[in-house]
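Trainee: 3D, please:
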Amino acid sequence: MLYHFLKSDSREDRIRFFAGYRLIIWLSIPIFVGILWLAVGWFSLDYDDQLAVYLESSINETYGLDSRNITLTGCMYFRPDEHGESRFCMEDSIGAFILCNLMFIPFCIICYFGFRSHLIIRGIVSKGESDYSRRIQKQLHYALLAQTAIPIIFLFVPIGVLFTAPIIGLNLEKGSLMVTFFYSFYPVVDPIPTLYFVDEFRNAFMNFFRRKMHMNQVASVVSIEPNAANAR
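Mentor: Numbering: from 1, shown residues only. Coordinates of the predicted model:
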């Protein structure tokens, strides 16, 4: 609903990037990323005995399970060699590097287009044709800022720290449970800014629950016996 995109020439010029074979390219991006992530986990960061031994005590204390009897995947930046000395593991590091880049690329895209949209919407708010248009664009502006910050807070920062901490010698074993909570909670938090900042969505959401509450209300009924009424 942005004013900038309501211009016919500008709108037609942008639609061509999502038409024909270009649409197939856009739809294939998440499929390709998913296959690449699976391939890295399967071939580069797959289960082995050294990883099971390294995680044995942690998994047993936290979950009460034997690491050799479960399926897991992970990265060991440093592995013991035949002499028992810790050596940098290139294979695991390459796999972790690929996964970090798969997260870093969308992180940069979110930051870049979030900032660009912020500049565009801020200009639209000051040049809106009506009070209604300015109000809607202002609400979308706040929702955009919140939805740009949410994946950074709940996904990229926690997982990025979890990936990079071991290579610099930081032990975040206890913090890993909090990271799991954050990225599991992300789908719940993501739609909240739109429901909160945009009046139409917020009012529709609240009216739905108001109607449900009114339907469930129980009215008190007083019964009067006919004979008792006539006796009076």
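
Trainee: and S57, what pLDDT?
Mentor: According to the prediction, S57 has pLDDT 83.

Trainee: then I24?
Mentor: The model's pLDDT for I24 equals 91.

Trainee: just the strands in the chain please.
Mentor: Secondary structure of the chain by DSSP state E: the strands cover 78-80, 86-88.

Trainee: reformat those strands as a markdown table; add mean neighbour count, mean pLDDT and distance to P30.
Mentor: Every residue, glycine included, has its C-beta placed from N, CA and C. Listed next are the strands of the chain as a markdown table, based on neighbours: other CB atoms under 10 Å; pLDDT from 0 to 100; distance: least, CB to CB, whole Å:
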| stretch | mean neighbour count | mean pLDDT | distance to P30 |
| --- | --- | --- | --- |
| strand 78-80 | 15 | 84 | 33 |
| strand 86-88 | 11 | 85 | 32 |
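
Trainee: nearest to R22, out of these?
Mentor: Proximity to R22 (CB to CB) singles out strand 86-88 among the strands of the chain, at 42.1 Å.

Trainee: just checking, what packs against the closest one?
Mentor: strand 78-80 (3 or more CB pairs under 8 Å, 6 or more residues apart in numbering; DSSP states H and E).

Trainee: which other helices and strands contact the strand it packs on?
Mentor: Strand 78-80 packs on strand 86-88, going by 3+ CB pairs under 8 Å, 6+ apart.

Trainee: just give me how far the strand it packs on sits from the chain centre.
Mentor: 34 Å (CA atoms, centre = their mean, to the nearest Å).

Trainee: next: stretch 144-163.
Mentor: How far stretch 144-163 lies from its chain's middle: 8 Å, per CA atoms, centre = their mean.

Trainee: what's the answer for stretch 68-82, then?
Mentor: Worked out by CA atoms, centre = their mean, stretch 68-82 lies 28 Å from the chain centre.

Trainee: what does it rub up against?
Mentor: Residues outside stretch 68-82 that contact it (CB atoms under 8 Å, 6 or more residues apart in numbering) are 41-42, 45-47, 49-52, 54-56, 59, 86-89, 92-93, 95-96, 163, 166-167.

Trainee: in helices only, show me those residues.
Mentor: Mapping the contacts of stretch 68-82 onto helices (DSSP state H) picks out 49-52, 54-56, 59, 92-93, 95-96, 163.

Trainee: please list only the buried members of the residues you listed.
Mentor: Buried members of the ones in helices among the contacts of stretch 68-82, scored by 16 or more other CB atoms under 10 Å, are 51-52, 54-55, 59, 92-93, 95-96, 163.
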